[in-house]
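K.L.:
Here is the input, now give the coordinates:
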Amino acid sequence: MNQTRIQSLLNKLGKSNFAALAINPGATLTYLTSFNFHLMERPTLLLFTRNGEAAIVLPELEMGKLEGTGLRGFAYGDNPTERMKAFQDACLFLHLDRGAIGIESTRIRFLEMEYLRSTIPNISFESADSLLSSLRIKKDDQEVGLMHKAVEIAEQALTDTLPFIHPGKTEREIASELTITLMRAGSDTELPFQPIVSGGPNSANPHATPSDRPLQNGDLLVIDWGASYNGYFSDITRTLAVGEIEPEFHQIYEIVRQANASARAVARPGISAGMVDKAARDVITAAGYGAYFTHRVGHGLGMEAHEEPYMFAENKSILEEGNTFTIEPGIYLPGRGGVRIEDDIVVTGHSAESLTNFNRTLLTVGN
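P.N.:
The predicted structure follows:
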C-alpha cells in the first residue's frame with residue numbers, strides 16, 4: 001500500500017461530492033496499492049470512503065495478497081452466490097448506505113455496479129475520471145525512470161529485430177519476432193499493446209492488425225511497438241523503407257519528420273495540449289497533406305498506453321512538469337502507404353525532453 005498516494009486520493013475525495021470511490025482492477029488500483037489483479041469473471045473491487053476507510057471485495061484465492069497491508073478484505077468462494085454477502089459485508093463495514101459512488105468510467109463493469117446497486121439501493125454512480133486521473137497525470141522522477149527503461153528495452157528490441165526484416169517476411173512473422181525480442185530485451189510479459197506491423201497499403205491504416213501479407217520492395221513499413229517495465233510503458237513508432245520507395249513516400253516521410261520535430265520543440269510547461277497538436281498539424285497542412293493526418297498528435301502515457309493528457313487540437317489543458325505523452329504525427333495515403341513517427345515525451349521544469357532516441361532518419365531494410 002502506497003500511503004502517500006492513498007493520502008493524496010483521500011484529500012481529493014474529501015473535497016468532492018462522492019460518498020465513496022469504487023475502483024476495478026487496473027492501473028489506478030495498482031498505482032495506489034501495488035496489487036495486480038486480473039479483470040475477470042470473479043469481481044474485485046476496492047472501495048474508499050470520504051472518511052478514510054477502505055475495503056476490498058475479492059476472490060478467496062487472492063486473499064494472500066493482503067497480508068501485512070492492513071487493508072480489510074471481504075472474500076468469497078467459487079460459488080457465485082457467495083459474492084453478494086461479500087459486497088454486503090464490505091459496505092456494512094464501511095458504513096456505506098447512500099450517496100454518490102465515484103467510478104472510473106472506462107474500467108467499471110455492469111457486474112460490479114449491479115452488486116453495489118443491489119447492496120445499497122440508495123446510491124448513484126458518477127464519473128470520478130477527473131479526480132482519479134489527476135493522481136497519475138504528473139509523474140515523479142522514479143516513474144519517469146521506469147518509463148525511460150521501458151523505452152530503452154523497446155529500442156533495443158527493434159534494433160535486434162531489424163536484421164530479420166526483408167521482402168518475403170509477413171507482417172505477422174515480424175510482429176511475432178519483435179514480441180519475442182521484447183521479452184529477451186527485458187520487457188514485462190504484459191505488453192502495453194500487441195505490436196502493429198503494417199506494410200505497403202496496410203501502412204495507410206493507423207491501427208492495422210498484422211496480416212499474412214509478405215513485404216515487397218517499395219513498401220513503407222510502419223512498426224508501432226512498446227515495452228513494459230515494472231508496470232510502466234513505452235510506445236514508439238518508426239517507419240521503414242523496404243528497398244527503394246517512390247519519391248512521394250520520401251516526401252511525406254520528411255514532412256512527418258518535420259512535424260514531429262515541430263511538436264517536440266513547442267512542448268513545455270504552460271502551453272496547452274492542443275498547441276502541441278497544432279504545431280505538428282500546421283506543418284502537414286502547409287505541405288498539402290492535412291486531410292491525410294487523421295488522428296490527434298498523441299496521448300498520455302504511463303501505467304496505461306492511453307491516459308491523460310490527450311493531445312488533440314481542442315484540448316486547452318495546460319501542460320505541467322511531470323506530464324508524459326506521445327507525439328506521433330502521420331500521413332496516410334489510402335491504398336498506397338503511410339508514415340508515422342512517434343516519440344515519448346516528458347515535460348520538465350522549463351521545456352520537454354524526448355525519452356526516445358531511436359533514429360528518426362528514414363532507414364531502409366531488405367537491401
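K.L.:
now the strands for the stretch 101-250 of the chain?
P.N.:
For the stretch 101-250 of the chain, the strands defined by DSSP state E, counting those that start in this stretch cover 123-127, 196-199, 220-225, 228-229, 232-233, 236-242.
K.L.:
centre of the chain versus stretch 235-247, how much separation?
P.N.:
From the chain centre to the centre of stretch 235-247 is a distance of 24 Å (CA atoms, centre = their mean, to the nearest Å).
K.L.:
Going by neighbour count, list what's buried in it.
P.N.:
235-242, 245 (16 or more other CB atoms under 10 Å). All C-beta atoms are positioned from the backbone trio N, CA, C, and that covers glycine.
K.L.:
Quick one: the strands of the stretch 101-250 of the chain as a markdown table, columns for distance to residue 7 too.
P.N.:
Listed next are the strands of the stretch 101-250 of the chain as a markdown table, based on distance: least, CB to CB, whole Å:
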| stretch | distance to residue 7 |
| --- | --- |
| strand 123-127 | 23 |
| strand 196-199 | 39 |
| strand 220-225 | 37 |
| strand 228-229 | 26 |
| strand 232-233 | 22 |
| strand 236-242 | 35 |
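K.L.:
possible to save those strands as JSON lines with mean pLDDT and distance to residue 45?
P.N.:
Conversion of the strands of the stretch 101-250 of the chain to JSON lines gives the following (pLDDT from 0 to 100; distance: least, CB to CB, whole Å):
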{"stretch": "strand 123-127", "mean pLDDT": "96", "distance to residue 45": "13"}
{"stretch": "strand 196-199", "mean pLDDT": "98", "distance to residue 45": "33"}
{"stretch": "strand 220-225", "mean pLDDT": "98", "distance to residue 45": "33"}
{"stretch": "strand 228-229", "mean pLDDT": "98", "distance to residue 45": "24"}
{"stretch": "strand 232-233", "mean pLDDT": "98", "distance to residue 45": "24"}
{"stretch": "strand 236-242", "mean pLDDT": "98", "distance to residue 45": "34"}
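K.L.:
so which of those strands gets nearest residue 294?
P.N.:
The stretch from these with the least distance to residue 294 (CB to CB) is strand 220-225; that distance is 13.6 Å.
K.L.:
Serialize the buried residues of stretch 235-247 to JSON lines and add fields for distance to residue 193.
P.N.:
Putting the buried residues of stretch 235-247 into JSON lines (distance: CB to CB, whole Å) gives the following:
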{"residue": "235", "distance to residue 193": "8"}
{"residue": "236", "distance to residue 193": "11"}
{"residue": "237", "distance to residue 193": "12"}
{"residue": "238", "distance to residue 193": "16"}
{"residue": "239", "distance to residue 193": "18"}
{"residue": "240", "distance to residue 193": "19"}
{"residue": "241", "distance to residue 193": "24"}
{"residue": "242", "distance to residue 193": "23"}
{"residue": "245", "distance to residue 193": "27"}
